[in-house]
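Visitor: 3D model of this:
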Amino acid sequence: MVRLSKGTLLTYSYFTLDEFKCQQTGENQISKDFVALLDELRGLCGFPFVITSGYRSPFHTIEASKAVLGMHTKGIAADIAVNNSTDRFILIDWALSLGFSGIGIGSDFIHLDTRESKLMWVYS
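Guide: Here you go, the predicted structure:
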C-alpha cells in the first residue's frame, strides 16, 4: 500500500515497489500512478508479469550511454518479460486500451511507458 501526498492510498494487487528499483543503484523513483496502471493491466491480461527493468538511474549503464535519457529515468517505463506471441498480443492490446503511449516490442519482452506522444517500435 502506498500513501500519496494528498492522503490517497494506492494498493497494488500484483506488484511491490521493490520490483521497480534500479538494478544497478537500488534507487527507486518509479511513478506510483504508473505502477497502478501496470497493476490494472496485469489484472486485465490474466497472466503474471515479470518486470525485467523498471526505474533506471541516469547513472545506469544503459542510460549513461544515451544522448537523451529514456522514459525509465523518468519513472514511467517498465520492461515486461513475455513467453509467447499470444501473451504479447494480449498485453499490447490491453496496454493500448489503457492509454500506454510508448510500446517497444522485443523478442522476449515488451517495453511500456506513458510518454506524452504515441510511439511504437520493434527492437532488432
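Visitor: before we move on, what SS does the residue most central in space within the chain have?
Guide: Residue closest to the mean C-alpha point of the chain, counted by C-alpha atoms, centre = their mean, is Ala78 at 2.2 Å. Classification of Ala78 using DSSP: H, G, I helix; E, B strand; the rest coil returns strand.
Visitor: specify the beta-bridge partners of Gly102.
Guide: Following DSSP bridges, Gly102 is listed with bridge partners Asp113, Leu119.
Visitor: okay, the residue nearest to the centre of the chain: pLDDT?
Guide: Note for Ala78: predicted pLDDT of 98.
Visitor: how about it, nearest residue that isn't a chain neighbour?
Guide: Gly54 (4.9 Å; C-beta to C-beta, 6 or more residues apart in numbering). Where C-beta positions appear, they are placed from N, C-alpha and C, glycine not excepted.
Visitor: wait, what's in contact with the one you found?
Guide: When contacts are counted by C-beta atoms under 8 Å, 6 or more residues apart in numbering, Gly54 touches Glu19, Phe20, Lys21, Cys22, Asn28, Ile30, His72, Ala77, Ala78, Asp79.
Visitor: picking up where we left off before, quick check, the residue nearest to the centre of the chain in contact with Leu112.
Guide: Yes: assessed by C-beta atoms under 8 Å, Ala78 is found in contact with Leu112 at 5.9 Å.
Visitor: list residues touching both of these two?
Guide: What both Ala78 and Leu112 touch, as defined by C-beta under 8 Å, 6+ apart, is the set Leu38.
Visitor: quick one on the thing from earlier: which ones are touching the residue nearest to the centre of the chain?
Guide: So, once contact is read as C-beta under 8 Å, 6+ apart, Ala78 ends up touching Phe20, Ile30, Phe34, Leu38, Ile51, Ser53, Gly54, His72, His111, Leu112, Asp113.
Visitor: now Gly104: which helix or strand?
Guide: Secondary structure from DSSP states H and E places Gly104 in strand 102-105.
Visitor: mind saving the C-alpha coords of that strand as CSV?
Guide: Extracted in CSV, the C-alpha atoms of strand 102-105 (Å, rounded to 0.1, in the frame of the first residue of the first chain):
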residue,chain,number,x,y,z
GLY,A,102,5.2,4.1,-25.7
ILE,A,103,5.3,0.4,-26.7
GLY,A,104,8.5,-1.4,-27.7
ILE,A,105,8.3,-4.9,-28.9
